[in-house]
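Student: have a look at this fold, sequence not included:
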């Protein structure tokens, strides 16, 4: 009887420790603040600005939150033995956002994906994003203006860049040729001016390039001899 009671107590303690650790994972205060300011810049309304968007996430390597941010914010809560989270993905597609792109995303230092497609966002693309470990950027169908920052070429982890259907200006920066892992680049109908930089030929991993509807005088397409994996042009 005593042994059975010991086993039962031990099992309950194990469950308490297991689920207690899972629920205690939190986002660092500075990242909560960066997230809050970013939402203000985006003009995201009807949210609790002081809450931790990772609250309720499991301590696994990556999971969507189980609170109001489910399917919007993805967190990685594998840090510090499952007690620390970091935001890795933000998806706010078709949210009727009417603000601007937040430079404050730079405070989310583990951010890999930004998807703000089909909103009413205006202003320019923040050059500050160039220091983030982004894999996917999708700003399709907004009202963005200004040039593509040359700093985007610093994001060596980037595999997908979608900027089509905006009101951008200026020429395509030659720094776009510095993206060694880019596989998909959609820039058509974005308001940009040609010519297409020769440096784009160095994108050996690029499979899908959509770059039509450039403004300005007609110019020849650069050679694509190094783009061996190209499938759609």
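Tutor: Arrived safely, thanks for sending. Everything numeric here is computed off the predicted structure, so don't read it as measured data.

Student: so residue 38: helix, strand or coil?
Tutor: Classification of residue 38 by DSSP: H, G, I helix; E, B strand; the rest coil places it in helix.

Student: who are the neighbours in contact with the nearest residue to it once chain neighbours are set aside?
Tutor: Of all residues beyond its chain neighbours, the one nearest residue 38 is residue 102 (3.8 Å), with distances taken as CB to CB, 6 or more residues apart in numbering. Any C-beta I mention is one placed from the backbone N, CA and C, and that applies to glycine too. Residues counted as contacts of residue 102 (CB atoms under 8 Å, 6 or more residues apart in numbering) are 37, 38, 41, 42, 126.

Student: which residues of this structure fall in helices?
Tutor: Assigned helices in the chain, in chain order: 2-23, 29-42 (criterion: DSSP state H).

Student: off-centre distance for the last one?
Tutor: Right, helix 29-42. For helix 29-42, the separation from the chain centroid amounts to 15 Å (computed by CA atoms, centre = their mean, to the nearest Å).

Student: pretty sure residue 111 is touching residue 137, no?
Tutor: No - applying CB atoms under 8 Å as the test, residue 111 and residue 137 come out as separate, 10.3 Å apart.

Student: how many neighbouring residues does residue 117 have?
Tutor: Residue 117: 19 surrounding residues under other CB atoms under 10 Å.

Student: just residue 223 next, same as before
Tutor: The local packing of residue 223 (other CB under 10 Å) involves 10 other residues.

Student: related to what we said a few turns ago, comparing the helices of the chain, which yields the minimum mean pLDDT?
Tutor: Sorting the helices of the chain by mean pLDDT places helix 2-23 lowest, at a mean of 45.

Student: so, low pLDDT: which residues of the protein?
Tutor: Low-confidence segments of the chain, defined by pLDDT under 70: 1-24, 46-51, 56-70.

Student: what about the strands in it?
Tutor: Under the criterion DSSP state E, strands of the chain are mapped to 63-64, 73-79, 84-91, 113-115, 122-123, 136-138, 143-144, 160-162, 184-186, 208-210.

Student: kindly reformat those strands as TSV containing distance to residue 55 and mean neighbour count.
Tutor: Formatted as TSV, those follow (distance: least, CB to CB, whole Å; neighbours: other CB atoms under 10 Å):
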stretch	distance to residue 55	mean neighbour count
strand 63-64	12	20
strand 73-79	9	22
strand 84-91	9	22
strand 113-115	20	19
strand 122-123	30	16
strand 136-138	24	19
strand 143-144	31	19
strand 160-162	29	20
strand 184-186	33	20
strand 208-210	37	18
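
Student: thank you kindly, that will do.
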